[in-house]
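> Structure here, sequence nowhere to be found:
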């Protein structure tokens, strides 16, 4: 099974609403990253949170990390149609060398 | 802006053909990666390279090889393409060090008939 599993697999909201995606992982990590993929811009890095950090913000994005529960959440506030994309939780495992491990993603649809 | 380019957006090949996928990055990154992306399986690492002429196997290297003769270029080679290698192939690069942000190319959708 995947190291990082996102929940829900699919999410549909109205423009202006907040979107929350969760990620659970199984083993110890050095950092956790979120990426977005859409047809226009491909796969793009959004934010990185280190294992000793609990919360991080970037524009309309807020990421939390709870290493005791092995979970992370990505909150997108005031969503826009342009936020429609797949969002991936990506972990850099302790002892993982140069490898990042990708989850299967949450498909977010923001409707007008 | 970091730019990672891939030689083709779409490619159609026949079973048994030798296939070359090229990736070029312009940010002087030490690390380069090849992934394949399949529905329900996410991205899986095929090979990566942390320096010129250096390569390491990822999770699914079988049926693939790679070449890195120059720092900016990382090639993925399918020695004898098979139908189960039909997939989206993504190249990425990152700066020296481990666990850093990766910059991705637009992808090559390969169909093997």
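Arrived safely. What you see is a predicted model; the values in this text were computed from it and never measured.
> what secondary structure does the residue of chain B found nearest chain A sit in?
Residue nearest to chain A within chain B: residue B:99 (3.5 Å; Cβ to the nearest Cβ). Placement of C-beta: from N, CA and C, glycine included. Using DSSP: H, G, I helix; E, B strand; the rest coil, the structure places residue B:99 in coil.
> can you pull up the bridge partners for the residue minimising distance to the centre of chain B?
Central residue of chain B (Cα atoms, centre = their mean): residue B:34, 2.8 Å from the mean position. When bridges are called by DSSP bridges, residue B:34 pairs up with residue B:47, residue B:91.
> Pick out the residue in chain A sitting closest to chain B.
Using Cβ to the nearest Cβ, residue A:92 is the residue of chain A that sits closest to chain B, at 3.5 Å.
> before we move on, which element is that residue in?
Residue A:92 belongs to strand A:85-93 when assigned by DSSP states H and E.
> can you list contacts of that strand?
With Cβ atoms under 8 Å, 6 or more residues apart in numbering or on different chains as the test, strand A:85-93 has contacts from A:3-6, A:21, A:23, A:25, A:27-38, A:43, A:46, A:72, A:74, A:99-108, B:42-43, B:98-99.
> Pull out the buried members of those residues.
Buried residues within the contacts of strand A:85-93, counting neighbours by 16 or more other Cβ atoms under 10 Å in any protein chain shown: A:3-6, A:21, A:23, A:25, A:29, A:31-37, A:43, A:46, A:72, A:74, A:99-108, B:42-43, B:99.
> Tell me the residues of chain A that contact chain B?
For chain A, the residues in contact with chain B (Cβ under 8 Å from any Cβ of the partner chain) are A:2, A:30-31, A:33, A:42-45, A:48, A:88, A:92, A:96-100, A:102-105.
> if we can go back for a sec, hang on, isn't the residue of chain B closest to chain A packed against residue A:30?
Yes. Between residue B:99 and residue A:30 there is a contact under Cβ atoms under 8 Å: 5.3 Å.
> ok, back up a step: summarise which helices and strands the next helix or strand after the strand holding residue A:92 is packed against.
Downstream of strand A:85-93, the first helix or strand assigned by DSSP H and E is strand A:101-102. The contact analysis (3 or more Cβ pairs under 8 Å, 6 or more residues apart in numbering or on different chains; DSSP states H and E) places strand A:101-102 against strand A:85-93, strand B:42-49.
> Give me the sheet partners of strand A:101-102 and which way each runs.
Paired neighbours of strand A:101-102 in the sheet (DSSP bridges): strand A:85-93 (antiparallel).
> any idea of the angle the partner strand forms with strand B:42-49?
Strand A:85-93 runs at 50 degrees relative to strand B:42-49, counting by axes from the mean of the first three to the mean of the last three Cα atoms, to 10 degrees.
> just to revisit the earlier point, kindly compare burial across the helices and strands packed on strand A:101-102 and name the winner.
By mean neighbour count, with neighbours taken as mean count of other Cβ atoms under 10 Å in any protein chain shown, strand A:85-93 ranks first of the helices and strands packed on strand A:101-102 at a mean of 24.
> quick check, distance from it to the centre of its chain.
5 Å (Cα atoms, centre = their mean, to the nearest Å).
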